[in-house]
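# Turn this into a structure:
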Amino acid sequence: MSQGKKEHILSSSARSRGSSLVFHLSIHFISIIVFLLILIFLLLLLLVLLLIFILILIVFIIIIAIIILFPFIMLSFTASVDIQKCGRRAYGA
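Residues are numbered from 1 along each chain as shown. Next up is the predicted model:
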């Protein structure tokens, strides 16, 4: 009778060790999944910030190009107006 109780105690302790191992592995599995989700979220956030930075850089370059080219645009516009005035004077208009 006592031999049966010892086997029962051993089997229950082995069972509890096995279940604690499964619980331990499941905690590791969950922590790995959470780590990967956080990593993916941070990478997406970095990608969005990079896209915003690129858009701001493009807008800044366009604004600087307009500022630099504005005198040349106005010069060509006034030159065409002067040519039109000269043409009108030549034809007596």
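# Where does pLDDT dip in this protein?
Applying pLDDT under 70 to the chain flags the ranges 1-19, 21-23, 79-93.
# As a check, name the ranges of all helices in it.
Taking DSSP state H to define them, one finds helices in the chain at 2-90.
# Leu37: neighbouring residues, count only.
10 (other Cβ atoms under 10 Å). Yep, even glycine has a C-beta here, placed from its N, CA and C like the rest.
# where's it relative to Ile30, distance?
Leu37 sits 11 Å away from Ile30, taking Cβ to Cβ, to the nearest Å as the criterion.
# Likewise for Leu50?
30 Å.
# Then Leu75?
68 Å.
# Ile73 too?
Distance of Ile73 to Ile30, given as Cβ to Cβ: 62 Å.
# One more: Ile62?
48 Å.
# ditto for Ile68
In terms of Cβ to Cβ, Ile68 sits 57 Å off from Ile30.
# same check, this time on Ile64
From Ile64 to Ile30 the distance is 51 Å (Cβ to Cβ).
# what does Leu45 give?
22 Å.
# before we move on, what about Ile52?
33 Å.
# same deal with Ile67?
Taking Cβ to Cβ, one finds Ile67 at 55 Å from Ile30.
# Please apply the same query to Val59.
From Val59 over to Ile30 (counting by Cβ to Cβ), the distance is 44 Å.
# same question, Leu55
Note on Leu55: its distance to Ile30, by Cβ to Cβ, is 38 Å.
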